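> fold the following.
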Amino acid sequence: MTLIIRNVKDILKDPNIKEPWPDNFVDWNHERDPALISQFEKILNEAEDEKPLQKFLAEHPYLLALAFRPHCCWVFPHPRFGGGQHIPDFAYCDKNSLGYAWTLVELESPRMESTNKDESISKDCHHAVEQILDYRRWLRDNALAEQKKYPGINADCEGWVVIGRRDGGRTEREQERLREFQKQRIEIASYDRLLSLANEHLTYVNKSWAKMAELKKSIEDAQAKEK
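Predicted coordinates:
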């Protein structure tokens, strides 16, 4: 997966870029310390459940945002739907030429597995999927009320369940069963996939800024020689 940056200059020139949620705006197109990836991996390796990962991603939301090919985006840790009746781990909102696009993210423990030894879907994975479906049911009946705070959100939002570790080594039947959830617009991803996407895209962004700095310096050097 390659990060696609569209019209970034135009977006950054918009004085209202952070609206309507300035406190949740994610400045993803900015250089970041690569050590963050190592920190993420260390917390992942030591975590007994999802709580430390929830905390870390809430503190560094651009690591989560980078998994979604962002344009202009916001991340909401523990958004409260229905006054707190329904609380996803994260809501991710991206704004593009079509408007707002929402994704609800449910984190499960990295110690859990999405599939069982008999290649069936695990109880923990089913539970997380049901949570996403419950949020959608609420939004189906209460979208207008929730849109007062979260414009554009509705029952058609995407869903992500992050559970377990590496995806590699799964049988074809396991992979096929996990892909079945995509028909419901729910992606089942491991934490290692999330980590890999964050690392890939953070590296891409950092290299882009480094190239821009080199280009700026070469232009300045050329201008200095002409004087």
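> who does the longest strand along the chain pair up with?
Criterion DSSP state E: the longest strand present in the chain is strand 99-107. Applying DSSP bridges, strand 99-107 is found paired with strand 90-96 (antiparallel), strand 158-162 (parallel).
> what helices and strands are in contact with the helix ranked longest in the chain?
Ordering each helix of the chain by length in residues (DSSP state H) puts helix 191-226 first. Helix 191-226 sits against helix 35-46, helix 61-65, with contacts defined as 3 or more CB pairs under 8 Å, 6 or more residues apart in numbering; DSSP states H and E. C-beta coordinates here come from the backbone N, C-alpha and C atoms, glycine included.
> redo that, cut-off 6 Å
Contact partners of helix 191-226 among helices and strands, from 3 or more CB pairs under 6 Å, 6 or more residues apart in numbering; DSSP states H and E: helix 35-46.
> run the chain-centre distance for the helix it packs on.
Here helix 35-46 is found 17 Å from its chain centre; the criterion is CA atoms, centre = their mean, to the nearest Å.
> pull out the CA atoms of that helix and give them to me as PDB.
Taking Å, rounded to 0.1, in the frame of the first residue of the first chain, the C-alpha atoms of helix 35-46 are listed here in PDB:
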ATOM      1  CA  ALA A  35      11.900   6.300  17.000                       C
ATOM      2  CA  LEU A  36       8.100   6.500  17.500                       C
ATOM      3  CA  ILE A  37       7.900   3.200  15.500                       C
ATOM      4  CA  SER A  38      10.300   1.500  17.900                       C
ATOM      5  CA  GLN A  39       8.300   2.800  20.800                       C
ATOM      6  CA  PHE A  40       5.100   1.500  19.300                       C
ATOM      7  CA  GLU A  41       6.700  -1.900  18.700                       C
ATOM      8  CA  LYS A  42       8.100  -2.100  22.300                       C
ATOM      9  CA  ILE A  43       4.700  -1.300  23.800                       C
ATOM     10  CA  LEU A  44       3.100  -3.900  21.500                       C
ATOM     11  CA  ASN A  45       5.600  -6.600  22.500                       C
ATOM     12  CA  GLU A  46       5.000  -5.900  26.200                       C
END
